[in-house]
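Asks: mind looking at a prediction? Sequence and model below.
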Amino acid sequence: MQKILLSLLWMTFFSQAVLAQSTFIQNKIIAHRGAWKAKELPQNSIASLREAIRLGCQGSEFDVWMTSDEVLVVNHDHELQGMDIETSTYAQLLTKTLSNGEKIPTLKAYLREGMTQKATKLILEFKPSRISVARSERIGELAVKTVQELGAQAWVDYITFSYEGGVKAIATDPKANVAYLNGDKSPLELKAAGFFGFDYHISLLRRKSQWIAEAKTLGLTTNSWTINQEEDMSWLLSQGVNFITTDEPEKLAALLQSIE
């Protein structure tokens, strides 16, 4: 009986994951720190995630740090209202409040919110530690393990500036889609290390546009940040990139609609 129950649970999880994978929007739009700018929402808040979902973005990007007591939290900067995240406990961070009344989200809370829908993917950027490389690797490992714990693999892709953290995330789950942000690795190097793709600043891709074609040949995905000018959006679209990360998803959506 126990084996039958476990089998049924696994089949339910698998069917949900397949459904999630098959229903995600594909329009290249990645909302940077959620969709926050137009409505002046706090960046990386649950509210900005909900707005990205409402707008129909392909993905909503968010940033993850680890507290001193190893709680993963969602915030862009290394500090929250003057409180350094890496040297503070989660309880200490809860003494601060975002502008809309939210508390700083934990990674688990953010993932659970994102998993209530099956249209917008969650683009998890785990930040390099300012303390040590070993801590960067720990953040990459814990981020992947948290996603696994919640069964959120179908919803989540990863990005990071930490090469070492990215390699650790891939080792923790070889099936994880991890893209690299720093711009100091060629597509061939990324492929050899098991990365899913790159997410490079447009200034680099303007200089090394051949990397886009090389990545495609190698089966890697391509993305660029943070793209708020229509000229840059148009150039990247002409190069055939897979994704574009922007603070203004509404602008990119209008551009895509105009060229359909």
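Replies: Good, I have the coordinates. Treat the numbers as computed from the prediction; the structure is a model and nothing was measured.
Asks: can you get me the start-to-end distance on stretch 108-125?
Replies: This stretch, stretch 108-125, spans 14 Å end to end (Cα to Cα, to the nearest Å).
Asks: that stretch - what's its average pLDDT?
Replies: In this model, stretch 108-125 has a mean pLDDT of 98.
Asks: and for stretch 208-224?
Replies: 98.
Asks: can you start the count at 631 instead of 1 from here on
Replies: With 631 as the first residue, the last one maps to stretch 838-854.
Asks: tell me which residues in it are buried?
Replies: 841-842, 844-846, 850-854 (16 or more other Cβ atoms under 10 Å). The C-beta positions use only the backbone N, C-alpha and C, and glycine is treated the same way.
Asks: can you check stretch 877-890 too?
Replies: Quick answer for stretch 877-890 (16+ other Cβ under 10 Å): 877-879, 881-883.
Asks: roughly how far is that stretch from the heart of the chain?
Replies: Averaging C-alpha coordinates over stretch 877-890 and over its chain gives two centres that are 20 Å apart (Cα atoms, centre = their mean, to the nearest Å).
Asks: picking that back up, now render the buried residues of stretch 877-890 as TSV, adding secondary structure and pLDDT.
Replies: Converted to TSV, these look like this (DSSP: H, G, I helix; E, B strand; the rest coil; pLDDT from 0 to 100):
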residue	secondary structure	pLDDT
877	coil	98
878	coil	98
879	helix	98
881	helix	98
882	helix	98
883	helix	98
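Asks: the helix or strand residue 753 falls within pairs with which strands, and in what direction?
Replies: Taking DSSP states H and E as the definition, one finds residue 753 inside strand 751-756. With DSSP bridges as the test, strand 751-756 is paired with strand 689-696 (parallel), strand 786-790 (parallel).
Asks: if I look at residue 866, how far off is residue 669?
Replies: From residue 866 across to residue 669, the span is 25 Å (Cβ to Cβ, to the nearest Å).
Asks: show me which of these two is the more surrounded one.
Replies: Set residue 866 next to residue 669 and count neighbours by other Cβ atoms under 10 Å: residue 866 wins out with 24 against 10.
Asks: show me what whichever helix or strand the more buried one is part of is packed against.
Replies: Here residue 866 sits within helix 860-869, counting by DSSP H and E. Counting contacts by 3 or more Cβ pairs under 8 Å, 6 or more residues apart in numbering; DSSP states H and E, helix 860-869 packs against helix 832-837, strand 874-876, helix 879-888.
Asks: and the helices in the stretch 731-880 of the chain?
Replies: 737-744, 763-780, 793-802, 817-823, 832-837, 840-848, 860-869, 879-888 (DSSP state H, counting those that start in this stretch).
Asks: the ones you listed: which one's closest to residue 808?
Replies: helix 793-802 (5.0 Å; Cβ to Cβ).
Asks: circling back: in CSV: the helices of the stretch 731-880 of the chain, plus distance to residue 808.
Replies: Output for the helices of the stretch 731-880 of the chain, formatted as CSV (distance: least, Cβ to Cβ, whole Å):
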stretch, distance to residue 808
helix 737-744, 16
helix 763-780, 8
helix 793-802, 5
helix 817-823, 9
helix 832-837, 19
helix 840-848, 14
helix 860-869, 21
helix 879-888, 23
